[in-house]
Each structure stands twice: as structure tokens, then as C-alpha cells.
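Trainee: following is a predicted model, sequence given first.
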Amino acid sequence: DVKVTQSSRYLVKRTGEKVFLECVQDMDHENMFWYRQDPGLGLRLIYFSYDVKMKEKGDIPEGYSVSREKKERFSLILESASTNQTSMYLCASRSDWTRSSYEQYFGPGTRLTVT
Amino acid sequence: GENVEQHPSTLSVQEGDSAVIKCTYSDSASNYFPWYKQELGKRPQLIIDIRSNVGEKKDQRIAVTLNKTAKHFSLHITETQPEDSAVYFCAASIRERGNQFYFGTGTSLTVIP
């Protein structure tokens, strides 16, 4: 019963490449999020979106951009990948606060290695 | 913005003992506090949450307490089992449109059989 999916589990890219990470949710959630997870640093928010075509910067947006053209899909873009962007990337989605459940559902993660 | 601190970063307990993880938050407007469990190689999953109008919530061996005055909340796991071994994340949020979860840095819990 997978509800949030990510396009790749593992990805290897070269420095300077443009990288696209895709996330799709099937729960009709308004809110979607991109995090990166690094040992000892927990879950750091890169960008989030609370509606189609809307986006907000998180704590570490530098070097990233996002796109949300459809409600179910939220893309993370690395314009020019660098080695310090090697990390685990987690997508998540959540319903609006007006619904009874406020649980945030995570995708399986994409482990990106930039060489 | 909100700042969530989580302690300890690592915790080892003997099977059957209790484990306690503590978090503090800075924004008194925060009113929703979830706890997520991430097993090795898996995605984080919600295990329990509490809203600011409640001081304690329990679900079988797991309980969460909230002290709004002191701005801290804790996760309590009783009768720990090896399958409780995981990384646990606390978070704080304001239950309104367009607001994010602010996560702690995680606690790696190891239950020794």
C-alpha cells in the first residue's frame, strides 16, 4: 500500500549535471515536501509546496529548485550538481490542516551520489 | 522560525527496559507534535502524535507527554523489544495552512537482546 513514490532509489550523477528527482503521491494531498537526510543532521527541509504552482523555501534551498505543475507531483531539480549534494533525498506529502489526519507520509528515498 | 532540539542522539537499552527521548521547541505557537520512527533502510513513519490541548497520549507501549509551559515533549517506550531499534525523530508544527514540520536531529535507539 505505497502512497508516496519517488522516481529512483539510487542515482549516480557527475558534477555539473542537471538532476531531476520526481515524487508522486496518490492521496490528493495539498502539501508536498523535499528533505535531505544526512547522518547527524536529521531531516532538513529544502522546499515545500502547499498548492499547485506554489512553493516555499525551506531551511537549505541553495542549489535546488522545485516544480509543482500538478497536485500529485513535486519535482526537485539540482541545476548543476555538486559533490556536497550527495545525500539521501526524501519526499513527503501531507493533507491540509482542515482534514482529520495530519500525518506526513514519506517516500522511500533517493540516494544520490554526485561524483 | 521554530527550533527543535532532540536528546540524546544515541541511546542503548537492554531489552525490557524503558527508553525516553526528549525534545524542546522554541515557538510557543506550535500546537502539533508528531514522532516518527525510521528503521534502517526504510522511510520514516508516524508512530504517535500529540496536540497542544492534551498533556499525554498513550498507544500500547508508546506514550508521549507534553509540557507547554516548559516547551518540551518526550517519547516514552516501555518494555522495549529489539524491533524498537530505529532512529526516532520528533517534530513541532503549527496546524495551519502552509506550515512545515520542524524536525529534531534524531535519536538512534538500540535495544540489546
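Mentor: Arrived safely, thanks for sending.
Trainee: only C-alpha atoms for contact and neighbour calcs from this point on.
Mentor: Noted.
Trainee: what is the burial count for the nearest residue to B:Asn31 once chain neighbours are set aside?
Mentor: Using C-alpha to C-alpha, 6 or more residues apart in numbering or on different chains and skipping the chain neighbours, the partner closest in space to B:Asn31 is B:Ser52 (4.6 Å). By other C-alpha atoms under 10 Å in any protein chain shown, 15 other residues sit near B:Ser52.
Trainee: list the contacts for B:Ser52?
Mentor: Taking C-alpha atoms under 8 Å, 6 or more residues apart in numbering or on different chains, we find B:Ser52 in contact with B:30-33, B:66, B:68.
Trainee: that one and B:Phe73, how far apart?
Mentor: 10 Å (C-alpha to C-alpha, to the nearest Å).
Trainee: cool, and A:Arg73?
Mentor: 34 Å.
Trainee: these two - which one has more neighbours?
Mentor: A direct count of neighbours by other C-alpha under 10 Å for A:Arg73 and B:Phe73 places B:Phe73 higher, at 24 against 19.
Trainee: which secondary structure elements does the helix or strand harbouring the more buried one contact?
Mentor: Using DSSP states H and E, B:Phe73 falls within strand B:72-77. Using 3 or more C-alpha pairs under 8 Å, 6 or more residues apart in numbering or on different chains; DSSP states H and E, the elements in contact with strand B:72-77 are strand B:19-25, strand B:62-67.
Trainee: thinking again about what came up before, between B:Ser52 and B:Phe73, which contacts overlap?
Mentor: Joint contacts of B:Ser52 and B:Phe73 (C-alpha under 8 Å, 6+ apart) are B:Leu66.
Trainee: returning to what we had before: tell me which of the contacts of B:Ser52 is nearest to B:Tyr88?
Mentor: B:Phe33 (13.1 Å; C-alpha to C-alpha).
Trainee: neighbours of the single nearest residue of chain B relative to chain A, how many?
Mentor: Minimum separation of chain B from chain A (C-alpha to the nearest C-alpha) falls at B:Thr105, amounting to 4.0 Å. B:Thr105 has 26 neighbouring residues, counting by other C-alpha under 10 Å.
Trainee: once you drop chain neighbours, what's closest to it?
Mentor: Here the residue nearest B:Thr105, using C-alpha to C-alpha, 6+ apart, is A:Gly42, at 4.0 Å.
Trainee: no further queries at this time; thank you.
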